[in-house]
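Participant: Build the 3D model from these lines:
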Amino acid sequence: MSQNPYSIEVDQTIKTVHMAVNGVFSPTEYDNFVKEYASKTSSIQSSSFTLKVDCTQMALLGPEEVEKLKGSFVRYKETGFAKVIFVISLQQTIIKMQLGRVAREAGLNNVDVVVQ
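Facilitator: Residues are numbered from 1 along each chain as shown. I've put the predicted structure just below:
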């Protein structure tokens, strides 16, 4: 069995949901991600939380993956986080552009892309 391509952890102390994404999700992994995301965020007061997503291991996305990403961004917007932060590496220029474009298309306006 392969390693999970994502992780989701809620830190109540600092009011942050930490996520990490690795590579690209298969359809089953994406479905599992959606279920786990809903489960972990349903019990928090999201308007006082920051969503911080480590994208440093994320792969470039093809058109099908971009649509899944857009669906996730709409979900983040609907959840109502105070702030959404995507962490990328210096080498991920194209991913930075993909994240920004998809966030705009999804109407996710409270986004920062941070290079680490």
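Participant: Let me know whether residue 68 touches residue 30 as I believe.
Facilitator: Yes. Between residue 68 and residue 30 there is a contact at 5.4 Å, judged by C-beta atoms under 8 Å. Using the backbone N, CA and C atoms, a C-beta is placed for each residue, glycine as well.
Participant: Could you report the separation of residue 47 from residue 101?
Facilitator: 26 Å (C-beta to C-beta, to the nearest Å).
Participant: the more surrounded of the two?
Facilitator: residue 101 (13 against 9; other C-beta atoms under 10 Å).
Participant: Could you look up the SS state of the more buried one?
Facilitator: Three-state call for residue 101 (DSSP: H, G, I helix; E, B strand; the rest coil): helix.
Participant: Pull up the gap between it and residue 19, please.
Facilitator: Taking C-beta to C-beta, one finds residue 101 at 20 Å from residue 19.
Participant: And the helices in the chain?
Facilitator: 27-41, 63-79, 93-106 (DSSP state H).
Participant: Just put those in TSV and tack on distance to residue 57 and mean pLDDT.
Facilitator: Below are these laid out as TSV (distance: least, C-beta to C-beta, whole Å; pLDDT from 0 to 100):
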stretch	distance to residue 57	mean pLDDT
helix 27-41	14	95
helix 63-79	14	94
helix 93-106	10	96
